[in-house]
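A.B. asks: this is the structure alone, sequence omitted:
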């Protein structure tokens, strides 16, 4: 790396990201560089990296440029690419507004999971269109120690098992994946949400994300929980024509999830920028050796 690279650090309900503004897609970010930047001890630290690129300048997004000027080239903390991150899109949109690239109101963001509608509110909250949930048939059970619970199978583009419990402590330490049955329900593993009621249409969760352990926030998980709670409560907006809105407390904050009559789900929550600076090129070069 021959030049210094600008970065910012932000989070959405404590799901945190390194942000690298690069409108013309001029910064090379191989997996090793992303992993070094996201390292919490030797780097900046983050659950992932948001590479901010104009859609027209990126080969994976140029076909979406007519619909969305900006592409969220999202990377996981290990450097691998990912289709979508709901909390990440909120932080991405907040950055675009902070940098003067977009105004408040409705915008679109290109992702590998398609073009996502986003609304930036005057109070700073950001709403993201998360698509529709699929509810596969069949009974599922999750377990922690000697306890077992029935779980709702919800797919938000990734698989979730939602279990309603009496106490979030029953989820255990969530360092290891909670066992589930039948194994055929989730051949590639599953995100498991343990949920308690806090009030009418108000729930709280803890989540084990496959491959990561317990995390402070999971946007798709919050959506899955809201859908599962609505069905448990006898609410199906696609049948009644009435939207269902749930407040979902995650360890890192609070999200509001609305499922509309057409099945489309919106997630609303905060986005925060906490710092900005420059990546030292000599350090990054050394990290890549």
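C.D. replies: Sure thing, it's come through. This is a predicted model, so every value here is computed, not measured.
A.B. asks: rest of the way, CA atoms for contacts and neighbours
C.D. replies: Fine.
A.B. asks: roughly how far does residue 82 sit from residue 11?
C.D. replies: Residue 82 is 17 Å from residue 11, where distance means CA to CA, to the nearest Å.
A.B. asks: sorry, slip of the keys, the one I care about is residue 187.
C.D. replies: 31 Å.
A.B. asks: look at these two and report which has more neighbours.
C.D. replies: More crowded of residue 187 and residue 11, by other CA atoms under 10 Å: residue 11, with 23 against 9.
A.B. asks: tell me which helix or strand that one sits in.
C.D. replies: Per DSSP states H and E, residue 11 falls inside strand 5-12.
A.B. asks: tell me the buried residues in that strand?
C.D. replies: By 16 or more other CA atoms under 10 Å, the buried positions in strand 5-12 come out as 5, 7-12.
A.B. asks: can you check stretch 105-115 too?
C.D. replies: For stretch 105-115, the buried set under the neighbour-count rule, 16+ other CA under 10 Å, comprises 107-112, 115.
A.B. asks: make TSV out of these and add pLDDT and secondary structure.
C.D. replies: Below are the buried residues of stretch 105-115 laid out as TSV (pLDDT from 0 to 100; DSSP: H, G, I helix; E, B strand; the rest coil):
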residue	pLDDT	secondary structure
107	98	strand
108	98	strand
109	97	strand
110	97	strand
111	94	strand
112	92	coil
115	95	strand
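A.B. asks: let me know the closest of those to residue 92.
C.D. replies: In terms of CA to CA, no member of these lies closer to residue 92 than residue 109, at 8.7 Å.
A.B. asks: what's near enough to touch that closest one?
C.D. replies: 68-72, 89, 93, 115-118 (CA atoms under 8 Å, 6 or more residues apart in numbering).
A.B. asks: 7 Å instead?
C.D. replies: 68, 70-72, 115-117 (CA atoms under 7 Å, 6 or more residues apart in numbering).
A.B. asks: swap in residue 172?
C.D. replies: Contacts of residue 172 by CA under 7 Å, 6+ apart are residue 144.
A.B. asks: on the pLDDT front, check it for me.
C.D. replies: If you check residue 172, the pLDDT there is 95.
A.B. asks: domain-wise, how is this protein divided?
C.D. replies: Under the assignment automatic domain parsing, the domains of the chain span 5-125+271-288, 140-268.
A.B. asks: and of these, who's closest to residue 133?
C.D. replies: Here domain 140-268 is closest among the domains of the chain (CA to CA), at 5.1 Å.
A.B. asks: now do that closest one: distance to the chain's middle.
C.D. replies: Distance, stretch centre to chain centre, for domain 140-268: 14 Å (CA atoms, centre = their mean, to the nearest Å).
A.B. asks: residue 195 versus residue 251, what's the distance?
C.D. replies: Counting by CA to CA, the gap from residue 251 to residue 195 is 12 Å.
A.B. asks: return the residues in contact with the residue nearest to residue 208 when sequence neighbours are not counted.
C.D. replies: Leaving out its chain neighbours, the residue that sits closest to residue 208 by CA to CA, 6 or more residues apart in numbering is residue 214, at 4.4 Å. Contacts for residue 214 (CA under 7 Å, 6+ apart) come out as 174-175, 207-208.
A.B. asks: tell me which of these has the lowest pLDDT.
C.D. replies: residue 175 (89).
A.B. asks: which residues touch the residue lying closest to that residue once chain neighbours are set aside?
C.D. replies: Using CA to CA, 6+ apart and skipping residues adjacent in sequence, the residue nearest residue 175 is residue 213, 5.0 Å away. By CA under 7 Å, 6+ apart, the contact list for residue 213 reads 174-176.
A.B. asks: and stretch 129-145, what's buried?
C.D. replies: 129-135, 140-144.
A.B. asks: ditto for stretch 72-88
C.D. replies: Neighbour-count burial for stretch 72-88 [16+ other CA under 10 Å]: 72-79, 84-88.
A.B. asks: so can I have TSV of the residues you listed showing secondary structure, distance to residue 64 and pLDDT?
C.D. replies: Compiled in TSV, those are given as follows (DSSP: H, G, I helix; E, B strand; the rest coil; distance: CA to CA, whole Å; pLDDT from 0 to 100):
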residue	secondary structure	distance to residue 64	pLDDT
72	strand	12	97
73	strand	13	97
74	strand	16	94
75	strand	19	93
76	strand	22	88
77	coil	25	89
78	coil	26	89
79	coil	23	91
84	coil	15	87
85	coil	18	90
86	helix	19	90
87	helix	21	94
88	helix	19	94
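A.B. asks: mind giving me the packing neighbours of the helix or strand just after the strand holding residue 11?
C.D. replies: Using DSSP H and E, the next helix or strand after strand 5-12 towards the C-terminus is strand 15-21. Where contact means 3 or more CA pairs under 7 Å, 6 or more residues apart in numbering; DSSP states H and E, strand 15-21 is packed against strand 5-12, strand 48-54.
A.B. asks: nothing else from me, thank you.
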